[in-house]
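1. dropping the sequence and predicted coords here.
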Amino acid sequence: MPKVSFKNKTICIEVEVGTTIAVCIRKAGLYIETPCSCIRVCGKCRVKAEGALFPPSYTERGFLNENEPDIRIACLAKVNGDVDIQFIEKGGTTNSAIASKEKRRL
């Protein structure tokens, strides 16, 4: 099974091939903003992902920028092997994800 690691976190999980990055994030106990509730219409759940992912779908390509090849849409990008994920902050640097338990306390 593919391993998904989260940069700047000491978390590594195993998932089935074809699992979306958004599901991986939740399985790891982390949180990412998904304004459209993962119905795949806003493209705002952007992450930096490196490793074995399926090529972007037609829908995902509509949200991507050619100048940012490692940026993927978490609710659309699917794991095909080992992947490293880094979250992206609203300002464009890394991240807006926090542990779910921490989120509940905020």
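-> Structure's in. What do you need? Treat the numbers as computed from the prediction; the structure is a model and nothing was measured.

2. residue 23: neighbour count?
-> Residues near residue 23, counting by other C-beta atoms under 10 Å, number 18. For the C-beta atoms, the positions are set from N, CA and C on the backbone; glycine is no exception.

3. correction: residue 48
-> Residue 48: 18 neighbours (other C-beta under 10 Å).

4. so what sits opposite it in the bridge?
-> Legend: beta-bridge partners of residue 48 under DSSP bridges are residue 71, residue 86.

5. tell me if I'm right that it and residue 83 touch.
-> No - in this structure, residue 48 is not within contact of residue 83 by C-beta atoms under 8 Å, at 10.7 Å.

6. averaging pLDDT per element, find the lowest-scoring helix or strand in this structure.
-> For the chain, using mean pLDDT, DSSP states H and E, the weakest element among its helices and strands is helix 100-105, scoring a mean of 41.

7. now the terminal residues of stretch 44-63, how far apart.
-> The separation between the terminal residues of stretch 44-63, taken as C-alpha to C-alpha, to the nearest Å, is 9 Å.

8. how far off centre is that stretch?
-> For stretch 44-63, the separation from the chain centroid amounts to 9 Å (computed by C-alpha atoms, centre = their mean, to the nearest Å).

9. could you pull up the mean pLDDT of that stretch?
-> Mean pLDDT, computed over stretch 44-63, is 95.

10. and if you look at stretch 71-87?
-> Stretch 71-87 comes out at a mean pLDDT of 96.

11. could you dump that stretch to PDB, C-alpha only?
-> Extracted in PDB, the C-alpha atoms of stretch 71-87 (Å, rounded to 0.1, in the frame of the first residue of the first chain):
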ATOM      1  CA  ILE A  71       0.400  22.000  -6.700                       C
ATOM      2  CA  ARG A  72      -2.600  19.700  -6.700                       C
ATOM      3  CA  ILE A  73      -6.200  19.900  -5.600                       C
ATOM      4  CA  ALA A  74      -6.700  17.700  -2.500                       C
ATOM      5  CA  CYS A  75     -10.200  16.600  -3.300                       C
ATOM      6  CA  LEU A  76      -9.300  15.600  -6.900                       C
ATOM      7  CA  ALA A  77      -5.700  14.400  -6.800                       C
ATOM      8  CA  LYS A  78      -5.400  10.600  -6.300                       C
ATOM      9  CA  VAL A  79      -2.500   8.600  -4.800                       C
ATOM     10  CA  ASN A  80      -0.900   6.000  -7.100                       C
ATOM     11  CA  GLY A  81       2.200   5.300  -4.900                       C
ATOM     12  CA  ASP A  82       4.300   7.000  -2.100                       C
ATOM     13  CA  VAL A  83       3.500  10.700  -1.800                       C
ATOM     14  CA  ASP A  84       4.800  13.600   0.300                       C
ATOM     15  CA  ILE A  85       2.300  16.400   1.000                       C
ATOM     16  CA  GLN A  86       3.000  19.900   2.200                       C
ATOM     17  CA  PHE A  87       0.100  22.200   3.000                       C
END
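
12. cool, thanks, talk later.
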